[in-house]
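> pasting the sequence and the predicted coordinates here, then a few questions.
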Amino acid sequence: MGVLAKSIQGTPDETPMMQQYQDIKKEYPDSILFFRMGDFYEMFNDDAKTASSILQIALTARNKKT
């Protein structure tokens, strides 16, 4: 499971995958969205934090560009 910092929609740093994630999340704001990434499913932002707490699993992060 991974978590990424929220990015402003349409910024150059937003990947096509994150744009797709944000678009789907807008349609289902009250749902935890599992996003398939290869052989794994990941959750991002508040979904990752909520799921981590409920499922009692570690919350991880990816390296952020500074």
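All right, it came through fine. Just so you know, these numbers come straight off a predicted model, no measurement behind them.

> give me the distance between the spatially most central residue of the chain and Pro29.
The geometric centre of the chain, computed from its C-alpha atoms, lies nearest to Phe44 (Cα atoms, centre = their mean), at 1.8 Å. Going from Phe44 to Pro29 by Cβ to Cβ, to the nearest Å gives 13 Å. Heads up, the C-betas are built off the backbone N, CA and C, glycines and all.

> now Asn45
According to Cβ to Cβ, Asn45 stands 11 Å off from Pro29.

> repeat for Ala61
With the distance defined as Cβ to Cβ, Ala61 ends up 23 Å from Pro29.

> between these two, which one's more packed in?
Set side by side, Ala61 and Pro29 show more neighbours around Ala61, with 10 against 7, by other Cβ atoms under 10 Å.

> state the helix or strand in which that one lies.
When elements are assigned from DSSP states H and E, Ala61 belongs to no helix and no strand.

> give me the below-cutoff pLDDT ranges for the protein.
For the chain, applying pLDDT under 70 flags the ranges 1-13, 63-66.

> where do the helices of it begin and end?
In the chain, the segments counted as helices under DSSP state H are 16-27, 45-55.

> so which of those gets nearest Phe35?
Shortest separation from Phe35 across the helices of the chain is recorded for helix 16-27, at 5.5 Å, computed as Cβ to Cβ.

> what helices and strands are in contact with that closest one?
strand 35-37 (3 or more Cβ pairs under 8 Å, 6 or more residues apart in numbering; DSSP states H and E).

> got the buried residues for the strand it packs on?
Using 16 or more other Cβ atoms under 10 Å as the test for burial, strand 35-37 gives Phe35.
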